[in-house]
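>>> Got a sequence here, can you model it:
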Amino acid sequence: MSYEYLKEASIMSPNVQQLVENDEIHFRRKIAELNQWTISIFIDRNGDSNTFAESSHNASPISDGHYNSLKSSIERLNALIGVDLKLVDNQDLADIKYYHHSYDVTSGDASGVNSYSYSYTGSLENPEYADWGYNHISVNDFSEESWAFISSHEIGHALGLEHPFEGEDGDVYGDTYTATSDQTVMAYGYPSNGIYPDFYTSVDISALQQIWGLPGSGRKMTGDAFNNLLTGESGRIGVIF
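Residues are numbered from 1 along each chain as shown. This is a model prediction of the structure:
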């Protein structure tokens, strides 16, 4: 995620569908379903990891303040959606792994990145089985002005949210900087009020509920693609900022 913002406010706001990564929603639900509707999250508090997305990258320790803020944010989000977000101490048991690095692991100028790979059997619209290869988050901007915003943005990606300006799944809102960060944490536009949000906005929560359901619901798989099943195993790799 890069932060060379255009300081322009939007009149309208992106809607829920423009924030949901519809192409990949079903495999994400399938993985959660197979794990009893739980998504486990590991925060590398001590900076022990030396790999990121199957490449060599040494993580940095996470300050107590940032760790406690992350934990509080995840617990707060957990109370708002229909899947159980569970913090775990063993990264081998985690679906999502969160790291701090002292540099951009993509060798660019991004402040944060979500890198992932997954495999599935059946069709992407109705997988019979799915699993993560990895679903990693790296953040390297620790400024008090925007750190919580960047972290929320990347965790949003890891949970299935997309940028509002991405239209590969058939919906798009404006261009790269049309939506502002106070409208959605998934935006690149400079916040119209000059303050980066430190938690998800109302439309972000609605989009996450679209994916995962309301608290206590346990969102089940939908779709009718049984006649379009693939043979063998398929997979994808992605990097989003």
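
>>> Now do Pro61 against Ile25, distance only.
Separation of Pro61 from Ile25 (C-beta to C-beta, to the nearest Å) stands at 34 Å. (Each C-beta comes from the backbone N, C-alpha and C, glycine too.)

>>> where along the protein do the strands fall?
Ranges of strands in the chain, per DSSP state E, are 38-43, 51-52, 55-56, 84-88, 96-100, 112-122, 127-139, 233-240.

>>> follow-up on the earlier one: so between Pro61 and Ile25, which is more surrounded?
Using other C-beta atoms under 10 Å as the criterion, Pro61 and Ile25 rank with Ile25 on top: 21 against 13.

>>> Averaged pLDDT, the longest helix along the chain. What do you get?
Assignment by DSSP state H gives helix 64-78 as the longest helix of the chain. The average pLDDT within helix 64-78 is 98.

>>> Give me the buried positions along it.
The neighbour-count check on helix 64-78 (16 or more other C-beta atoms under 10 Å) flags 66-67, 69-70, 73-74, 77-78 as buried.

>>> what's the closest non-adjacent residue to Ser69?
Leaving aside its chain neighbours, Ser69 sits nearest to Ala148 (6.1 Å; criterion: C-beta to C-beta, 6 or more residues apart in numbering).

>>> check contacts around that neighbour.
69, 73, 196-199 (C-beta atoms under 8 Å, 6 or more residues apart in numbering).

>>> before we move on, back to that, for Ile211, find the nearest of the strands of the chain.
With distances scored as C-beta to C-beta, the stretch of the strands of the chain nearest to Ile211 is strand 38-43 (10.9 Å).

>>> Name the strands paired with the closest one and say parallel or antiparallel.
On the basis of DSSP bridges, the sheet neighbours of strand 38-43 come out as strand 84-88 (parallel), strand 96-100 (parallel).

>>> Save these as a markdown table, and put in distance to Pro164, mean pLDDT and mean neighbour count too.
Shown next, in a markdown table, are those (distance: least, C-beta to C-beta, whole Å; pLDDT from 0 to 100; neighbours: other C-beta atoms under 10 Å):
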| stretch | distance to Pro164 | mean pLDDT | mean neighbour count |
| --- | --- | --- | --- |
| strand 84-88 | 23 | 97 | 17 |
| strand 96-100 | 22 | 98 | 25 |
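
>>> Turn the ones you listed into a markdown table, columns for distance to Ala187.
A markdown table is the format used below for the strands paired with strand 38-43 (distance: least, C-beta to C-beta, whole Å):
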| stretch | distance to Ala187 |
| --- | --- |
| strand 84-88 | 23 |
| strand 96-100 | 21 |
